[in-house]
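Undergrad: Any chance you can model this:
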Amino acid sequence: MRFVCALASALLVVVTVAPHAAAEPAADITARLNQAIEARVAEMAVPGANVSLSIAGEIDYVRAVGISDTTTGAPMSVDDYTRVGSVTKTFTGTAVLQLVDQGRIRLTDPISLYVDGVPSGDVITLDMLGRMRSGLADYAESDIFLQRIYAEAPEGPDAFATTPRELLDWAFTQPLNFPPDSRWEYSNTNTALLGMVVEKVSGLSLADYLQQNVFGPLGLTRTSFPANGLMPVPYAHGYIETPNGTVVDATQWNPSWGYAAGQVVSTAADLKTWAAAVGTGALLSPFAQAQRLSDGTTLVPGVDYMFAIFNAEGWIGHNGDIPGYTTVMVYLPERDATLVVMVNSDVPKLHTAGQVATDVTSIATPDHVYQIGPRPPQLIEN
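TA: Reported below is the predicted structural model:
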C-alpha cells in the first residue's frame, strides 16, 4: 500500500540571488524547486515533506508540501516536529568530541575502560565506534528487536521502553562481523556505546548532557531527547509499512530503542542551525573538528564516512530513518549552505528525504548533488 496525497501545501519562501551567483532568475529557481519537490512527493506517494535550503547571500527557501495527517488531511507546516532518526548520531558524536576537548577521554581509549562486556572491548576504540569500524553487530538488526518493535511499539507511547544495556545485550548475542578496524559497517550499536561513554564520564543522562551542552548553547529550543513516544505539538504524523504490508501511523512509537543513535526530535528550523554548527565545528575546538572530519572511509565514489558524520559530494552531515520519518541534514562549506529535508513516511524502499535532497541539490547546487540512500552500503572492505 502507498499513500496518494493531495499536494496541499504551506509555503514560506524568501529567495534572493546575488548578481554573481547564478544567471537564472530567482523566481525561476523558486519555481523549479517548488515543481521538483511537489513532483517527488507525488511520485513517492508519501503524505508530505518539509524542505529548508539556505545558501548565504543567495537563497533562503523554506517550504512545507503535502499533508501531516492522512486521517484529517491537515496540511504539513514548516513548524512541525518530526523524529530525526540517525541525525541523532551527530549530536552524540559532538558530545564525545566535547569530552575529548576537555581532556576527559581520548578517541584512542578502548571502550572497555567505560563499558563492561563488550566483545573485543579492549581492542575496539572510541574512534572505531564513531567511524563504524568496530565489527560489532547492529542491535537494530537482531531478531529479538525486529520481533518486539512491531509487536509492542504500537501499544502506546510508553510501550517498548528499552535501556541501553538491553540494546547491547541484543547486539552481543551475535558474533563480531569482522575483526575491529579491518572494515566498515554501519551499526547503531557503535553509537549506543558512545552515548554510554558520555553518560559515564559526564555523570549526566544523555538527554541532560545534550540539553546543557548542545541544545541550550545553540538555542535549539525545539530539539529534545524525549523520554517516551509522545510528540510535542505541532507534529507531523509518521507512517511505516509493517511486515504484513499494512501502512500504519507510527507517530507515538517509543523511540527509546534509538537512544544515542536515533532518539532526537526536532524541527527544520532547529536542524538548519544545527547543520551549520556541525559543519563549522561551532561547539568544538579546531582540533576536535579536524578529528571529526578526518580519516574517512570511502563508501561509494563521492561519499565518505568520518566520525559520526558523512561527506556526500561536499555536503557534510547525516541522514535519518526511524519508523514513520526520514531526514537529511547537511551543510556545504563551499557555499555556506544548509539543507534540511524531512518526510513523514519511510514506506518507499529508497530513502524518501534523500530523494528530495537529490532533486533540490540538482537545481540549487548542481556541482554538489547529494546522492545517498537510507544508509551507505553495509560492508566496505578496508
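Undergrad: C-terminal to the host helix or strand of Gln98, what's the next element?
TA: Under the criterion of DSSP states H and E, Gln98 resides in helix 88-101. Counting by DSSP H and E, the element after helix 88-101 in chain order, helix or strand, is helix 126-130.
Undergrad: Can you point out the buried residues in the very next helix or strand once past that following helix?
TA: Downstream of helix 126-130, the first helix or strand assigned by DSSP H and E is helix 143-152. By neighbour count with 16 or more other Cβ atoms under 10 Å, helix 143-152 contains the buried residues 145, 148-150. All C-beta atoms are positioned from the backbone trio N, CA, C, and that covers glycine.
Undergrad: For the helix holding Gln98, give the mean pLDDT please.
TA: For helix 88-101, the mean pLDDT works out to 98.
Undergrad: Just give me how far it sits from the chain centre.
TA: Counting by Cα atoms, centre = their mean, to the nearest Å, helix 88-101 is centred 14 Å from the centre of its parent chain.
Undergrad: by contact count, what packs against it?
TA: Using 3 or more Cβ pairs under 8 Å, 6 or more residues apart in numbering; DSSP states H and E, the elements in contact with helix 88-101 are helix 126-130, helix 188-202, helix 206-210, helix 259-262, helix 268-280, helix 286-292, strand 315-322.
Undergrad: swap the cut-off to 10 Å and go again
TA: helix 126-130, helix 188-202, helix 206-210, helix 259-262, strand 265-266, helix 268-280, helix 286-292, strand 315-322 (3 or more Cβ pairs under 10 Å, 6 or more residues apart in numbering; DSSP states H and E).
Undergrad: Make a markdown table from the ones you listed and add mean pLDDT to it.
TA: What follows is the helices and strands packed on helix 88-101, written out as a markdown table (pLDDT from 0 to 100):
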| stretch | mean pLDDT |
| --- | --- |
| helix 126-130 | 98 |
| helix 188-202 | 98 |
| helix 206-210 | 98 |
| helix 259-262 | 98 |
| strand 265-266 | 98 |
| helix 268-280 | 98 |
| helix 286-292 | 98 |
| strand 315-322 | 97 |
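Undergrad: Make JSON lines out of the ones you listed and add mean neighbour count and distance to Pro333.
TA: Formatted as JSON lines, the helices and strands packed on helix 88-101 follow (neighbours: other Cβ atoms under 10 Å; distance: least, Cβ to Cβ, whole Å):
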{"stretch": "helix 126-130", "mean neighbour count": "24", "distance to Pro333": "20"}
{"stretch": "helix 188-202", "mean neighbour count": "24", "distance to Pro333": "24"}
{"stretch": "helix 206-210", "mean neighbour count": "20", "distance to Pro333": "24"}
{"stretch": "helix 259-262", "mean neighbour count": "26", "distance to Pro333": "25"}
{"stretch": "strand 265-266", "mean neighbour count": "24", "distance to Pro333": "22"}
{"stretch": "helix 268-280", "mean neighbour count": "23", "distance to Pro333": "6"}
{"stretch": "helix 286-292", "mean neighbour count": "17", "distance to Pro333": "11"}
{"stretch": "strand 315-322", "mean neighbour count": "26", "distance to Pro333": "7"}
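Undergrad: Just send the ones you listed back as a markdown table, with distance to Ser77 too.
TA: Below are the helices and strands packed on helix 88-101 laid out as a markdown table (distance: least, Cβ to Cβ, whole Å):
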| stretch | distance to Ser77 |
| --- | --- |
| helix 126-130 | 35 |
| helix 188-202 | 30 |
| helix 206-210 | 25 |
| helix 259-262 | 23 |
| strand 265-266 | 14 |
| helix 268-280 | 10 |
| helix 286-292 | 33 |
| strand 315-322 | 20 |
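Undergrad: Of all those, which one comes closest to Ala56?
TA: Across the helices and strands packed on helix 88-101, Ala56 has its closest neighbour in helix 268-280 (9.6 Å, Cβ to Cβ).
Undergrad: chain center to that closest one, what's the gap?
TA: 12 Å.
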